[in-house]
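>>> Pasting the sequence and the predicted model now:
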Amino acid sequence: MSEQGIRLTVAALTRRVEEIFRRAGLTDLQARSVAEVIVAGERDACKSHGIYRIEGCLQTIAAGKVDPRAEPLLADDGSAVIRVNAKGAFSPAAFALGAPVLAERAKQLGLAALAINSCTHFSALWPEIEVLTEAGISAMAMCPSYSTVAPAGGSEPLLGTNPFAFGWPRASGQPYVFDFATSVAARGEIELHRRAGKALPEGWAMDAAGQPTTDPERALEGAMLPFGGHKGSAISTMIELLAGVMIGDMTSRDALDYLGTTSILPHHGELIIAFCPERFAAGRSGNPLDRAEILFEAIAGQGARLPSQRRFAAREKSLAEGIHLSADEARMLERLEQG
Ligand code: NDP
Ligand code: PYC
């Protein structure tokens, strides 16, 4: 293989990743949905949740902390709260089951929520948000993780990197979507810095003694920092409450106690809240989707970019030219295919 690496179509990479997961014993639904979310990360240049995550998934299966044969179960009583018990499966399979009901219920009632319980969660949240914006629905998604982040003013891991994502549908073109860890950076970024032998930027993490560090190894042993000081710390705490405590699932501390390690993927729940903008506007002046466009144009008019623009540009390139994998990544894929 050339040291330049290889290019694969999205479909070809998805087939290969799906096959790795089938051979690891996942059901068809789990293998397909997990492969799709990982390849979406790679396609959109979100490397922290791309193919490097395959090994973490396989290690979590081997550790018996995710159930490869679990069939998630939907519980729908016709109300605004829809539940999917993942029964120990990977979260994308549970979301795939609940998402169509969530979108339909948000259109019917104006507002609906999907609570996913008992899942192993490793993915970016924007693929889920985009399913809902494609259905004309605005949505937010959030979940705990496991304790790796110190609250603002503290020095010990307690909160997770707790991602938060939001999406707004746009009639023409790509949706407005943001999706970020509530820590300064996703833990996956620290791991990628460690693998590349690169120092972290200042202000990402503390070592185990509570001192600032730019060494990824020491950061992984110590604590990450929330983004925006007390503001990020409060949003992260809200996620622990809504997507942990409120839905009767694990907080990040519970998840770490359950696993006893951060070397495999965390087990907890997820909350997705969906809104129908037209139902909320209820005939008041101005169509909400049209009014949103005025805001987006004003942002772009100042030369600022919208979140996800980088990602959408990467997607267009991947779809046109194929997904580029470095030689090391291509070798990793081959190694995992050989079992
Ligand atoms: P980033 O900081 O890379 O990006 C956060 C968001 O901000 C993105 O929507 C990004 O859009 C946007 N953005 C970045 N720069 C700009 C800019 N200059 N102007 C406007 N918008 C901008 O994300 P994180 O590293 O915090 O998180 C990465 C991923 O990790 C997320 O998808 C998250 O869901 C996932 N994650 C998952 C966890 C889990 O437990 N499952 C835990 C933590 C994180 P763009 O992509 O276009 O740059
Ligand atoms: O990147 O912080 C992270 C993360 C934790 C769990 C899945 N991704």
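That came through fine. Ligands and ions are numbered 1, 2, ... in the order given.
>>> near ligand 2, which residues of the stretch 101-250 of the chain show up?
122, 145, 161, 181, 186-188 (C-beta under 6 Å from any ligand atom). Where C-beta positions appear, they are placed from N, C-alpha and C, glycine not excepted.
>>> which of the residues you listed has the most neighbours?
Ser145 (30 neighbours; other C-beta atoms under 10 Å).
>>> which residues sit in contact with the nearest residue to it once chain neighbours are set aside?
Leaving aside its chain neighbours, Ser145 sits nearest to Gly160 (2.8 Å; criterion: C-beta to C-beta, 6 or more residues apart in numbering). Contacts for Gly160 (C-beta atoms under 8 Å, 6 or more residues apart in numbering) come out as 144-149, 236, 239-240, 252, 255, 266.
>>> How much space separates Pro127 from Glu337?
Between Pro127 and Glu337 the computed distance is 23 Å (C-beta to C-beta, to the nearest Å).
>>> quick one on the thing from earlier: nearest to Thr60, of the contacts of Gly160?
Within these, distances to Thr60 taken as C-beta to C-beta reach their minimum at Pro266, with 9.0 Å.
>>> The closest one - how many residues pack around it?
26.
>>> That one is in contact with Asp254, isn't it?
No. Taking contacts as C-beta atoms under 8 Å, Pro266 lies outside contact range of Asp254: 9.9 Å.
>>> And the closest residue to ligand 2 within the stretch 201-339 of the chain, its phi and psi?
Nearest to ligand 2, among the residues of the stretch 201-339 of the chain, is Pro266, at 5.7 Å (C-beta to the nearest ligand atom). Dihedral pair for Pro266: phi -80, psi 150, per degrees, to the nearest 10.
>>> quick one: contacts for it?
120-122, 144-146, 160, 252, 255-256, 259.
>>> And the pLDDT at it?
Pro266 carries a pLDDT value of 97.
>>> Is it correct that Phe178 falls within a strand?
Yes. Counting by DSSP: H, G, I helix; E, B strand; the rest coil, Phe178 falls inside a strand.
>>> Would you map the helices across the stretch 101-250 of the chain?
Ranges of helices in the stretch 101-250 of the chain, per DSSP state H, counting those that start in this stretch, are 126-134, 187-196, 216-221, 230-240.
>>> To Val39, which of the ones you listed lies closest?
Using C-beta to C-beta, the nearest of the helices of the stretch 101-250 of the chain to Val39 is helix 126-134, at 9.9 Å.
>>> ranges for the strands of the chain?
Assigned by DSSP state E, the chain shows strands spanning 6-8, 73-75, 81-85, 111-120, 138-142, 164-168, 176-180, 205-206, 212-213, 223-224, 267-275, 323-325.
>>> Please produce JSON lines containing those, extended by distance to Ala35.
Shown next, in JSON lines, are these (distance: least, C-beta to C-beta, whole Å):
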{"stretch": "strand 6-8", "distance to Ala35": "13"}
{"stretch": "strand 73-75", "distance to Ala35": "22"}
{"stretch": "strand 81-85", "distance to Ala35": "20"}
{"stretch": "strand 111-120", "distance to Ala35": "15"}
{"stretch": "strand 138-142", "distance to Ala35": "20"}
{"stretch": "strand 164-168", "distance to Ala35": "21"}
{"stretch": "strand 176-180", "distance to Ala35": "20"}
{"stretch": "strand 205-206", "distance to Ala35": "31"}
{"stretch": "strand 212-213", "distance to Ala35": "35"}
{"stretch": "strand 223-224", "distance to Ala35": "28"}
{"stretch": "strand 267-275", "distance to Ala35": "19"}
{"stretch": "strand 323-325", "distance to Ala35": "13"}
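>>> could I get those strands as JSON lines with mean neighbour count and distance to Leu295?
Below are the strands of the chain laid out as JSON lines (neighbours: other C-beta atoms under 10 Å; distance: least, C-beta to C-beta, whole Å):
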{"stretch": "strand 6-8", "mean neighbour count": "17", "distance to Leu295": "38"}
{"stretch": "strand 73-75", "mean neighbour count": "14", "distance to Leu295": "36"}
{"stretch": "strand 81-85", "mean neighbour count": "21", "distance to Leu295": "30"}
{"stretch": "strand 111-120", "mean neighbour count": "24", "distance to Leu295": "21"}
{"stretch": "strand 138-142", "mean neighbour count": "24", "distance to Leu295": "13"}
{"stretch": "strand 164-168", "mean neighbour count": "22", "distance to Leu295": "10"}
{"stretch": "strand 176-180", "mean neighbour count": "21", "distance to Leu295": "9"}
{"stretch": "strand 205-206", "mean neighbour count": "24", "distance to Leu295": "35"}
{"stretch": "strand 212-213", "mean neighbour count": "18", "distance to Leu295": "38"}
{"stretch": "strand 223-224", "mean neighbour count": "26", "distance to Leu295": "32"}
{"stretch": "strand 267-275", "mean neighbour count": "25", "distance to Leu295": "16"}
{"stretch": "strand 323-325", "mean neighbour count": "20", "distance to Leu295": "33"}
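>>> Let me see the contact set for Glu189.
Ser48.
>>> same question, Ile272
95, 98, 102, 113-114, 116, 128, 132, 139-141.
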